[in-house]
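# Build me a model from this:
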Amino acid sequence: MRHLPLILLAGEAASMIIGLLFRDLLPASVNPQAFLKPRILAPLILVMPFVETLLIHSLCIEVAMKIGKGRKLALYTGAVFAAAAFFAMHYVLNGEFNGYVYGLVGGITLSTMYVLTRKDGAQKAFFGTWMLHLCSNAF
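The predicted structure follows:
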């Protein structure tokens, strides 16, 4: 968890920079009020980070670790696959802008968090990555 603040700040800065670079990909202006409704905000902050961390980062990385017999290469390979899956999901479901700004940056930062905390076990890696995702969505 000690990596969370630094990765969170780096990820948010990267999202802002990439968002500015890719702002022309937005199909229309964004209304912040649309995100402040409780039925939108609660799942976005509480539910989705848990589900995505479980089904993407934890699953991809732990399967790779099992196949690779716990080797470092397996950890890194799983992290790359998890980041790619996270990007692809955001790109396909929410469009180019969301894919690049949130999917690409999020996939990389969440995989980084999982890799850095995996030495303390899969449960701690899951928890740290989930908390990073939750904080990122809250921002």
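# buried ones in the helix-or-strand element of the chain with minimal mean pLDDT?
Between all helices and strands in the chain, the lowest mean by mean pLDDT, DSSP states H and E belongs to helix 38-42, at a mean of 82. For helix 38-42, a neighbour-count test (16 or more other CB atoms under 10 Å) marks nothing as buried. Any C-beta I mention is one placed from the backbone N, CA and C, and that applies to glycine too.
# ok, residue 31 - how many residues close by?
8 (other CB atoms under 10 Å).
# And it, how close does it get to residue 40?
12 Å (CB to CB, to the nearest Å).
# ditto for residue 64
33 Å.
# And for residue 16?
Taking CB to CB, one finds residue 16 at 21 Å from residue 40.
# Kindly report the same for residue 115.
Here residue 115 is placed at a distance of 31 Å from residue 40 (CB to CB).
# Let me see the contact set for the residue most central in space within the chain.
By CA atoms, centre = their mean, the mean C-alpha position of the chain lies nearest to residue 106, the distance being 3.5 Å. By CB atoms under 8 Å, 6 or more residues apart in numbering, the residues touching residue 106 are 11, 15, 86, 90, 133, 136.
# tell me the secondary structure for the third one?
Read it as residue 86. With DSSP: H, G, I helix; E, B strand; the rest coil as the basis, residue 86 sits in helix.
# That concludes my questions; thank you for your assistance.
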